[in-house]
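K.L.:
coords please:
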Amino acid sequence: MKKFSLRVISVLVLMCMVAAMFAACTPKEDEPKSTEPIHVDYVAQTKLDMDSDTLKQEVQWGRHSHIDGDTSHFEVPKSFDVSGTVKARYLAVNTPESTGQIQEWGKAASRYTKEKLSTAHSIVIESDDNSWNFDGNGRYLVWIWYQPAEGEDYRCLNIELLQAGLGVGSSASEGRYGTAAVAAINQATQEKLYIFSGKKDPEFPYGEAASVTLRELRTNVKDYEGKKVAVEGIITYNSDYTAYLESYDAETEMYYGMQIFYGYNSQLINVLAQGAEVRIVGVVSEFYGTYQISGLTYNRMKPEDPANTAQISKDNPIAFTEVSAYDFNGPKTVMVGEEEKTFSYAELAVSTSISMKNLQVVDTYTTTNPSASDVGAMTLTCMVDGERISVRTEVLKDADGNLITEDAYAGKTIDVQGIVDCYDGNYQIRVMSVDDITVH
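P.N.:
Residues are numbered from 1 along each chain as shown. This next block holds a predicted model:
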């Protein structure tokens, strides 16, 4: 009897232990649950309703559509807009600046928008109500919808930028999709994405250099005199320790450029090779009536450092934008900040590559002063469509090394390509080689 009781007691103890183990594994009702936030795709939850009372237009991504993170220029039928272009400003979102003084995460936001839209199967813009509305710069205020691939749902890029942490709200709660926009902002803040990360932007040159675009620098150049800047563009020419940098601005539909003087640093010759896309970090200074960047910050051991002059890519094409003599001598109005300003076209285009056709050479001058470094260089005074254009050449030689003189061009009709230059307050086309002049 005693023996039997011990066995029973052992079995009961074992059953109690097993029950306790199961009880320990089963959560109690009053135990706190996990507080780990669940990521919500507010973009996927927001749908494009083609039958709503808002206005909608399918648009096309073009060669010059990309502006920055929250602005695009789309191609449309002229029946929709006589210009054939819609200048779109995204509702509800404001991304960091990348078209003037570049801000932290500005390049990341700009790149994100370009990647989504340039590969989209279809893009639709939508008004916030039943009419097209515009901002003070004449841009359509719209929601941007893109279809990643045929058959897939459209995604709202405005909300997606907010959800990715690449933009802050701009009257976000007031729009048609305000609830989703605000929720996307709150989630990006909680997840500490990009702008809300508290981390440094690896593409931003922290320190004393102001990160700017060539458009910003050219339209406000006096404000940057004596200051260190960081700019990016394509090298069009490199000669005598001087290179020429340019980049295209789709908003104003023109190139902006700057002369780069790198002195006797032979290591920079290959970095600043013709066709190279580069990042320049140096000081803005006046040079014989125009401006240049000199005193370059360079360290070949730190090519990825945004505070350092470096080559980004090679073998890019040179634009040589074809310009009429009338436009070259005429005015050009652009937005500078929130203000509209008028410059001469040539003033804005200094140091950029251009081409011009059908120039009639009516007068010639050759530098003959033996003390001058450019003995043999020519100035060709030309007329085209009633406009006077000055062409200044380097010292030109033929394939056999013989000096080319005025006789080769006097009284001829020529096509030229070169760099917009300023000499003694006058704008001219500077021709670098004999191959840049074609005689009819």
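
K.L.:
what helix or strand is the residue nearest to residue 423 when sequence neighbours are not counted on?
P.N.:
In space, and not counting its chain neighbours, residue 423 is closest to residue 392: 6.8 Å by Cβ to Cβ, 6 or more residues apart in numbering. Placement of C-beta: from N, CA and C, glycine included. Element membership of residue 392, judged by DSSP states H and E, is strand 387-393.

K.L.:
output that strand as PDB, nothing but the C-alphas.
P.N.:
The C-alpha coordinates for strand 387-393 follow below in PDB (Å, rounded to 0.1, in the frame of the first residue of the first chain):
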ATOM      1  CA  GLU A 387      22.900  90.200 -85.400                       C
ATOM      2  CA  ARG A 388      26.600  90.700 -84.700                       C
ATOM      3  CA  ILE A 389      28.500  87.900 -83.100                       C
ATOM      4  CA  SER A 390      32.200  87.800 -82.100                       C
ATOM      5  CA  VAL A 391      34.100  84.600 -82.400                       C
ATOM      6  CA  ARG A 392      37.500  84.400 -80.600                       C
ATOM      7  CA  THR A 393      39.800  81.500 -81.500                       C
END
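
K.L.:
the residue nearest to residue 423 pairs with what?
P.N.:
Legend: beta-bridge partners of residue 392 under DSSP bridges are residue 379, residue 430.

K.L.:
how many residues are close by it?
P.N.:
With neighbours defined by other Cβ atoms under 10 Å, the count for residue 392 comes to 20.

K.L.:
that one is in contact with residue 428, isn't it?
P.N.:
Yes: here residue 392 lies in contact with residue 428, judged by Cβ atoms under 8 Å, at a distance of 5.0 Å.

K.L.:
list residues touching both of these two?
P.N.:
Taking Cβ atoms under 8 Å, 6 or more residues apart in numbering as the criterion, residue 392 and residue 428 both touch 379, 421.

K.L.:
helices along the stretch 51-200 of the chain, start to end?
P.N.:
106-118, 157-163, 178-191 (DSSP state H, counting those that start in this stretch).

K.L.:
and of these, who's closest to residue 200?
P.N.:
helix 106-118 (12.1 Å; Cβ to Cβ).

K.L.:
list the buried residues of that closest one.
P.N.:
106-114, 116-117 (16 or more other Cβ atoms under 10 Å).

K.L.:
any idea which of these is closest to residue 296?
P.N.:
Closest approach to residue 296 among the buried residues of helix 106-118 (Cβ to Cβ): residue 107, at 20.7 Å.

K.L.:
got a list of what that closest one touches?
P.N.:
For residue 107, the contacting residues are 98, 201, 203-204, by Cβ under 8 Å, 6+ apart.

K.L.:
and it, what pLDDT?
P.N.:
In this prediction, residue 107 carries a pLDDT score of 91.

K.L.:
tell me the contacts of residue 96?
P.N.:
Under the contact definition (Cβ under 8 Å, 6+ apart), the residues listed for residue 96 are 69, 102-106, 109, 166-167, 195.

K.L.:
report the two of these separated the most.
P.N.:
Greatest spacing in the contacts of residue 96, by Cβ to Cβ: 102 and 167 (15.2 Å).

K.L.:
neighbour-wise, which of these two wins?
P.N.:
Counted by other Cβ under 10 Å, residue 102 and residue 167 do not tie: residue 167 has more neighbours, with 31 against 25.

K.L.:
surely the more buried one meets residue 97?
P.N.:
No: using Cβ under 8 Å, residue 167 makes no contact with residue 97, being 11.4 Å away.

K.L.:
still on that earlier bit, kindly indicate which of the contacts of residue 96 lies nearest residue 251.
P.N.:
Using Cβ to Cβ, residue 69 comes nearest to residue 251 of those, at 13.3 Å.

K.L.:
just to check, the closest one is in contact with residue 113?
P.N.:
Yes: assessed by Cβ under 8 Å, residue 69 is found in contact with residue 113 at 5.0 Å.

K.L.:
who touches both of the two?
P.N.:
95, 161.

K.L.:
list the contacts of residue 98.
P.N.:
Counted by Cβ under 8 Å, 6+ apart, residue 98 has contacts 68-69, 106-107, 109-110, 213.
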